[in-house]
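1. sequence unknown, structure follows:
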């Protein structure tokens, strides 16, 4: 399936752009590929309702330690 590419202009913090350009050079990838990857990652992150695994791990640890307190507070 062919990709449909569209030109667009935006403004970005100079530090972010510099870091992105450095990353593109290190990875020997075009800047556009990194921008597209970042867009895909952001869309995927925002479309999911699941909390991040590290957040759930901390929650579960807290629940094991303070579960009884949480139950009493809920009453």
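-> Perfect, thanks for sending it. Bear in mind that the values here come from a model prediction, so they are computed numbers and not experimental data.
2. only C-alpha atoms for contact and neighbour calcs from this point on.
-> OK.
3. if you go through the protein in chain order, where are the helices?
-> Ranges of helices within the chain are 14-27, 31-47, 53-74, based on DSSP state H.
4. closest to residue 6 out of these?
-> Proximity to residue 6 (Cα to Cα) singles out helix 31-47 among these, at 11.2 Å.
5. Quick one: work out the angle between the closest one and helix 14-27.
-> When axes from the mean of the first three to the mean of the last three Cα atoms, to 10 degrees is applied, the directions of helix 31-47 and helix 14-27 differ by 110 degrees.
6. Now do helix 31-47: which elements does it pack against?
-> On a contact count with 3 or more Cα pairs under 8 Å, 6 or more residues apart in numbering; DSSP states H and E, helix 31-47 meets helix 14-27.
7. now for the helix it packs on, which elements pack on it?
-> Against helix 14-27 (3+ Cα pairs under 8 Å, 6+ apart) you get helix 31-47.
8. average pLDDT across the helix it packs on?
-> Averaging pLDDT along helix 31-47 gives 92.
9. try stretch 63-75
-> 91.
10. Stretch 20-28 now?
-> Across stretch 20-28, pLDDT averages out at 97.
11. what does that stretch contact?
-> Contact with stretch 20-28 is made by 30, 31, 34, as judged by Cα atoms under 8 Å, 6 or more residues apart in numbering.
12. for the last one, what are its contacts?
-> For residue 34, the contacting residues are 20, 24, taking Cα under 8 Å, 6+ apart as the criterion.
13. State the distance from it to residue 49.
-> 25 Å (Cα to Cα, to the nearest Å).
14. Likewise for the first one?
-> Between residue 30 and residue 49 the distance is 31 Å, computed by Cα to Cα.
15. So what's the residue count around residue 50?
-> Residues lying near residue 50 (other Cα atoms under 10 Å) number 9.
16. before we move on, what about residue 45?
-> The number of residues packed around residue 45, counting by other Cα under 10 Å, is 13.
17. Which of residue 30 and residue 49 has more residues huddled nearby?
-> Set side by side, residue 30 and residue 49 show more neighbours around residue 30, with 12 against 7, by other Cα under 10 Å.
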